[in-house]
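>>> the following block contains a protein sequence and its predicted model.
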Amino acid sequence: MSRSSNQLIIRKYGLLEPSNWGPDCEHELFLMNKLWNCLVELHRRAQQDYLSIIMNDLDFAEATDKLRKFSDSLPAMSKGEIQTSIPEANPGPVDQLTAAFATLKRDVAVAGKRARAKAREPLRTLEESRRAAVKRARQTSGLWWGNYNAVVNAFEQARRTTLRRGGELKFKRYDGSGRFTNQLKRNVLAVALFEGSNSQVKIGNMPTPAWQYLRRGERKRLQRTSLTATIYTRDGERRTVTWPMIMHRPLPPDCKVTRVVITRRKIGLKWRWNAVFTAQGQLPLLYSTKPALKCAINLGWRVQAEGIRVATIILEGSPSPQFIVVPLSLVTGFSFLKDLRERRSAQRREILSWLRTIDFSEAPSGLATRALDIKPNSAAHIIASLAVEWRTYREWEPASFSRLEVWRRDDKRLLLWEDNYREKLINRRNDLFRREVSEHLVDVNHVILQDIDLAKIAGNNDLLANPNTQRYRIMASPSTLRAYIMEFARRSGSTVQIHEAVSTWRCNMCSAILDSKSPSTLRQTCSACGAVWDQDVNACRIMLKSTAPLL
């Protein structure tokens, strides 16, 4: 059964190469990248001024100095363990250092809060100055308002996340990638885009049965249309670009479109275009007529014979768990990507070693100048640029030119193979996640998720030191699965609870804490009651037991 709900609607469509793209459009992308880098520079200056203000507080300066000295006095490996370890999951001597480190961090946090309270007025003035500088940078960027607003909004969101997590905003190198944003005023009805009455965005007419034919080939043929969108305006003149678009699913005609974003990114040596429509409207909201049912989900990654286990799901009252597993075929595919990268690297090292044996001092001036860019660790595209330059002087050392050209063609073939194959694998994995989530959670009204900081785990020094473990994390991508779970729960009307006090090492039978001598082993035996359980299943059962029953 279903009911309607006014909610956010997002549709993503593929685009083909535009028909009237020009250097002016490329320049608009470049200006957006330039504005981002300008905002990063302003942020870094503001951070320096911020630190100089709060470091005037003696208590905060003293607490920070103690933490720094304590951190510097530790061995490098212990420092990484302390900053990323969880005492229950990593029992041992490091626990005392972990507790001391946590105490010092708390002291810094408390002192910092007091210092900010004392310096409220200077900090407010500093933030107002930063915002005024951002406004000036936006107004002098030379960008259209839709594009500069999108850059500023994305930057401010990234800045908030960075400040919360303690990271660092970085400059971006311009590589041709970017996006154009059309913020539609007064929320245009979707039907108006097909009628062509909106000046910013227009969609070519489509036949009514485009999504109704049973034959897939006939549907794909009818779903081809065009998208015309504004890139910028100059002196009252609107610059638009038109893309062929594959509209594989309809937009509800009565929904109100608020934003259209067109993105360009590079896959291999080709550009990949897509358009994302954001709208508000009525969509069927799925719900079950069965009694209220809750489930617990434990996320992570664990290598097994059948693939990589990404999630363990237990429904309330169900004796058997369910698992979401990245199958062995996909794991093998990701491993093949690694082989392709290693093959390209080996060929690059070989050709660089050979190039160093060639004396370019007697080469034509243009070729000799280009050869100066070749360094012992030059990237493949730098070497390829030498091969392209050599075409003009192919009469000089023709045998050497032929060998370099053979390498260039083979490297290009491997590059395209790797990039396109990776894209297919990621799409297959994400489609698997979507199908598994909808299958397992279709009758669930309440979802309990373990509170796990996946970003913190990804930065664990032990994982970074073990390339295989890090590779499996990238294959599994538990953060992607969590996003699909949250989205499905929102669409189905389910509530999501983030469970904060989960212990993998607490027995779900007798609640005793297990002191395991082999924490990496999947199946553990409780030393108190003798129960044998799967670590991931045990964590789910603990979450279900510690949550109040649904009414």
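Nice, thanks for sending it over.
>>> leaving out chain neighbours, which residue sits closest to residue 30?
Closest residue to residue 30 apart from its sequence neighbours, by C-beta to C-beta, 6 or more residues apart in numbering: residue 174 at 5.7 Å. C-betas here are computed from N, CA, C, even on glycine.
>>> gap between that neighbour and residue 148?
According to C-beta to C-beta, to the nearest Å, residue 174 and residue 148 sit 16 Å apart.
>>> more neighbours, these two?
Remark: of residue 174 and residue 148, residue 148 carries more neighbours, 20 against 15, as counted by other C-beta atoms under 10 Å.
>>> where does pLDDT dip in the chain?
For the chain, the stretches flagged by pLDDT under 70 are 1-6, 74-98, 214, 283-292, 453-468, 501-505, 515-517, 519-520, 547-551.
>>> residue ranges of the strands in the stretch 1-150 of the chain, please?
Counting by DSSP state E, counting those that start in this stretch, the stretch 1-150 of the chain has strands at residues 2-15.
>>> hey, where'd the helices end up in it?
23-54, 58-72, 76-84, 94-118, 120-139, 145-165 (DSSP state H, counting those that start in this stretch).
>>> in JSON lines, list the ones you listed along with distance to residue 513.
Formatted as JSON lines, the helices of the stretch 1-150 of the chain follow (distance: least, C-beta to C-beta, whole Å):
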{"stretch": "helix 23-54", "distance to residue 513": "40"}
{"stretch": "helix 58-72", "distance to residue 513": "28"}
{"stretch": "helix 76-84", "distance to residue 513": "21"}
{"stretch": "helix 94-118", "distance to residue 513": "13"}
{"stretch": "helix 120-139", "distance to residue 513": "44"}
{"stretch": "helix 145-165", "distance to residue 513": "30"}
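>>> what's the closest of these to residue 412?
Closest to residue 412 of the helices of the stretch 1-150 of the chain is helix 23-54 (C-beta to C-beta; 22.6 Å).
>>> domain-wise, how is the protein divided?
Split into domains by automatic domain parsing, the chain comes to 2-20+177-286, 28-165, 294-335+421-545.
>>> and the next helix or strand past the lengthiest helix in the chain?
Taking DSSP state H as the criterion, the chain has its longest helix at helix 398-440. Proceeding N to C from helix 398-440, the next assigned helix or strand is strand 446-450, under DSSP states H and E.
>>> ok, back up a step: let's have the domains of the chain in CSV, adding distance to residue 352.
Putting these into CSV (distance: least, C-beta to C-beta, whole Å) gives the following:
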stretch, distance to residue 352
domain 2-20+177-286, 21
domain 28-165, 30
domain 294-335+421-545, 23
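>>> wait, which of those is closest to residue 372?
Closest to residue 372 of the domains of the chain is domain 2-20+177-286 (C-beta to C-beta; 25.0 Å).
>>> returning to what we had before: what about the residue nearest to residue 30, which SS state?
Using DSSP: H, G, I helix; E, B strand; the rest coil, the structure places residue 174 in coil.
>>> mind listing what it touches?
When contacts are counted by C-beta atoms under 8 Å, 6 or more residues apart in numbering, residue 174 is found next to 29, 30, 33, 34.
>>> just checking, residue 512 touches residue 506?
Yes - counting by C-beta atoms under 8 Å, residue 512 touches residue 506, with 7.3 Å between them.
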